[in-house]
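Asks: with the sequence up front, the predicted model follows.
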Amino acid sequence: MMGLVHVILAVLSLLTVGQSAPVTSCESLTKQVEIIGRNQLLGKWMYIGESTTIAGFKLLTKALVETSWARISAADESDAINVFQSQKMLGRCFTATTKMTLGNNTLSMVHPMHVSEVLLSTGCPDCLVLQTNFTFGGSTYKGLQFMRFCPDESNLQETETTDLTTDISSMNAEDVKLFDRFLSSSDGIQLLIKIITTGLTGLKEN
């Protein structure tokens, strides 16, 4: 059971950015801007909202996610960044580290799913707005991610944390297809929430 829960949480950690933002917040964010080196992306960022084409995603994040933030740092390769993500779900923190490559003004990742991100204009000096395309399980989705500088993270030390990095790196195509099937209907979303909630409740009791 926990193996399935970890696979689901691993995929969710790559997609979730906290509470969904109204679609109207995206109207003026249409102009792509150049990523002038990776330095402008580095730092700690709080995910403050998202608009996405995934049906039922608002319900999923509202039911499970309390907070979500990321720390972006330079990778050993000059054209890559490491993204450490931390999400608090149902009173427990889940973390994961992934690597993205910067090329042709686009951030990209190929495993466990194909992801590409471009930077959009914003009038906020301490914000990032990323337009994301991701493909998994034969489906393609789009999203906008809104990020600002991260608040103090000292409370992370007070919360039990599970690192999902290994689960992400060992994920295969069938795992991703399974998650895609959950997302294809409202019943699937409800079942996804039930599996995660039941699994994490059982983990607390043990």
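Replies: Received, thanks.
Asks: hmm, Thr135 and Lys142 touching each other?
Replies: No: using C-beta atoms under 8 Å, Lys142 is not in contact with Thr135, being 10.4 Å away. No exception for glycine: its C-beta is placed from N, CA and C like everyone else's.
Asks: neighbour count for the two, which is higher?
Replies: Thr135 (15 against 12; other C-beta atoms under 10 Å).
Asks: doesn't the more buried one fall inside a strand?
Replies: Yes: secondary structure of Thr135 (DSSP: H, G, I helix; E, B strand; the rest coil): part of a strand.
Asks: next up, the contacts around the nearest residue to it once chain neighbours are set aside.
Replies: Nearest non-adjacent residue to Thr135, counting by C-beta to C-beta, 6 or more residues apart in numbering: His114, 4.4 Å away. Neighbouring residues of His114 by C-beta atoms under 8 Å, 6 or more residues apart in numbering: 108, 134-136.
Asks: with Met113 instead?
Replies: 11, 14, 134-136, 176.
Asks: mind redoing it with 6 Å?
Replies: Shown in contact with Met113 (C-beta atoms under 6 Å, 6 or more residues apart in numbering): 134, 136, 176.
Asks: model confidence for Lys99, exactly?
Replies: As predicted, Lys99 sits at a pLDDT of 94.
Asks: now it: which helix or strand?
Replies: strand 92-103 (DSSP states H and E).
Asks: right, and the helix or strand after that strand?
Replies: Using DSSP H and E, the first helix or strand after strand 92-103 is strand 106-109.
Asks: how about that next one, which residues are buried there?
Replies: 107, 109 (16 or more other C-beta atoms under 10 Å).
Asks: just stretch 89-101 next, same as before
Replies: 89-90, 92-96, 98, 100.
Asks: what of stretch 112-122?
Replies: So for stretch 112-122, counting by 16+ other C-beta under 10 Å, buried means 112-113, 115-120, 122.
Asks: so Glu34: helix, strand or coil?
Replies: Classified using three-state DSSP, Glu34 is coil.
Asks: what distance do you get for the nearest residue to it once chain neighbours are set aside to Phe179?
Replies: Nearest non-adjacent residue to Glu34, counting by C-beta to C-beta, 6+ apart: Asn105, 5.8 Å away. Distance of Asn105 to Phe179, given as C-beta to C-beta, to the nearest Å: 29 Å.
Asks: now do Thr122
Replies: As judged by C-beta to C-beta, Thr122 and Phe179 stand 30 Å apart.
Asks: what about Gln85, helix or strand, and which?
Replies: strand 80-89.
Asks: that strand: partners in the sheet, and parallel or antiparallel?
Replies: strand 65-74 (antiparallel), strand 92-103 (antiparallel) (DSSP bridges).
Asks: tabulate the ones you listed (a markdown table), appending distance to Gly49.
Replies: As requested, those are arranged in a markdown table below (distance: least, C-beta to C-beta, whole Å):
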| stretch | distance to Gly49 |
| --- | --- |
| strand 65-74 | 10 |
| strand 92-103 | 19 |
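Asks: out of these, nearest to Ile36?
Replies: Proximity to Ile36, assessed across the strands paired with strand 80-89 by C-beta to C-beta, is greatest for strand 92-103 (10.6 Å).
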